[in-house]
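Asks: Give me a model of this one.
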Amino acid sequence: MKKKLIMSILCLSMVLTNSFFVMAASDSYEPNNTYGTAVEVPLLKHGVPVKATINGSGDQDWYKTEYYSEGYETLTLTPPAGKNYGIIVHYKNPQGDIVRIAKSTSAGPGQAETVRFPVTKDHEYLIFVYSPTYDYSTEEYELRQDNFETTGDAAYEPSDSFSEAFEVDFLKGNVNATISSSSDVDYYKYISDYTGDVRARLFFNPRNYKIIIYDNDRNETVGQGNCYEDIDFKLVEGTEYMVIVHGVTSNDYYSGIPYTIQMYKK
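Replies: You can find the predicted model right below:
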């Protein structure tokens, strides 16, 4: 009888111990493994960090928030020691499409990742925390707001002429900016470090914008189109490209919602 009692106590102890470790590996934001189950984090934009865990190789954490003013948000993600985590930010446009607008560059295991992106008042943004190398840990990461600038379109300004074209790397992240007047034209310069076929697209509503992609080295247009039209062309490494966005008519401008330029490898 005594032997059975001791065995029962040992079994109970093991169950309780295992339960403790399962609880320690979880966090209060779960389940949030898809954008459909994204957890609202309204205090993030007020300086209160999110502390949570990537607790398995397939774990993904989604958060959502809205902003009260136009501007540029800067978020920093600090992973556990030796772990490689990243941030991708998506914007939910008026049609309900989920559009990627920013992605952190991989700084390496244990290194903080920072991402900066434009925000529009009263629109929903989805923040995706993941590990590109399938790392995970029971140790928490910290996602925090580093800075918010209420500076309108300043991130890509000045960009109103060929000589003032703002240099960007389209393959590392989307560009989000505004056409703020009937005379506003945005110019971007991109020097490719890649040779291969790509697809570009301009997203915007409720106005009609046009995008033109120009090869500066060959003095020729390689593609053009209106919103939501695919533009397929070939990038050549070392070539300088100019990407131009403007309203189709004098009434096609809107400072309240940013357009998005997306470019990716086919």
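
Asks: Show me what the closest residue to Phe162 other than its chain neighbours bridges to in the sheet.
Replies: With sequence-adjacent residues excluded and distances taken as CB to CB, 6 or more residues apart in numbering, Phe162 is closest to Tyr187, at 6.0 Å. For the C-beta atoms, the positions are set from N, CA and C on the backbone; glycine is no exception. Tyr187 has these beta-bridge partners by DSSP bridges: Ile244.

Asks: Contact partners for Tyr187?
Replies: Shown in contact with Tyr187 (CB atoms under 8 Å, 6 or more residues apart in numbering): Ser159, Asp160, Ser161, Phe162, Glu164, Ala165, Phe166, Met242, Val243, Ile244.

Asks: To what extent is the fifth one buried, counted in neighbours?
Replies: Here the number of neighbours of Glu164 (other CB atoms under 10 Å) works out to 11.

Asks: what does the first one give?
Replies: Taking other CB under 10 Å as the criterion, the count of residues near Ser159 is 22.

Asks: That one and Tyr188 touch, don't they?
Replies: Yes: contact between Ser159 and Tyr188 holds when scored by CB atoms under 8 Å: they sit 6.5 Å apart.

Asks: what do those two both touch?
Replies: Ala165, Phe166.

Asks: thinking again about what came up before, and the residue nearest to Phe162, how close does it get to Val175?
Replies: Distance, Tyr187 to Val175, by CB to CB, to the nearest Å: 11 Å.

Asks: next one: Ile211
Replies: Distance from Ile211 to Val175, by CB to CB: 11 Å.

Asks: what residues do the two have in common as contacts?
Replies: By CB under 8 Å, 6+ apart, the residues touching both Ile211 and Val175 are Ile261.

Asks: Those two: who's more crowded?
Replies: Neighbours per residue, other CB under 10 Å: of Ile211 and Val175, the larger number sits with Val175, 26 against 23.

Asks: Now for the more buried one: which residues touch it?
Replies: So Val175 contacts Tyr156, Val168, Tyr188, Thr260, Ile261 (CB under 8 Å, 6+ apart).

Asks: Using a markdown table, lay out the residues you listed together with distance to Asn93.
Replies: Below are the contacts of Val175 laid out as a markdown table (distance: CB to CB, whole Å):
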| residue | distance to Asn93 |
| --- | --- |
| Tyr156 | 19 |
| Val168 | 20 |
| Tyr188 | 20 |
| Thr260 | 8 |
| Ile261 | 13 |
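
Asks: for the closest residue in space to Asp217 that isn't next to it in sequence, what are its contacts?
Replies: Distances taken as CB to CB, 6+ apart place Thr239 nearest to Asp217, at 5.1 Å, with adjacent residues excluded. By CB under 8 Å, 6+ apart, Thr239 lies in contact with Ile191, Ser192, Asp215, Asn216, Asp217, Arg218.

Asks: Going through those, which ones are buried?
Replies: With burial judged by 16 or more other CB atoms under 10 Å, the buried subset of these is Ser192, Asp215.

Asks: Scan the contacts of Val175 and report the most crowded one.
Replies: Ile261 (23 neighbours).

Asks: Many thanks, we can stop here.
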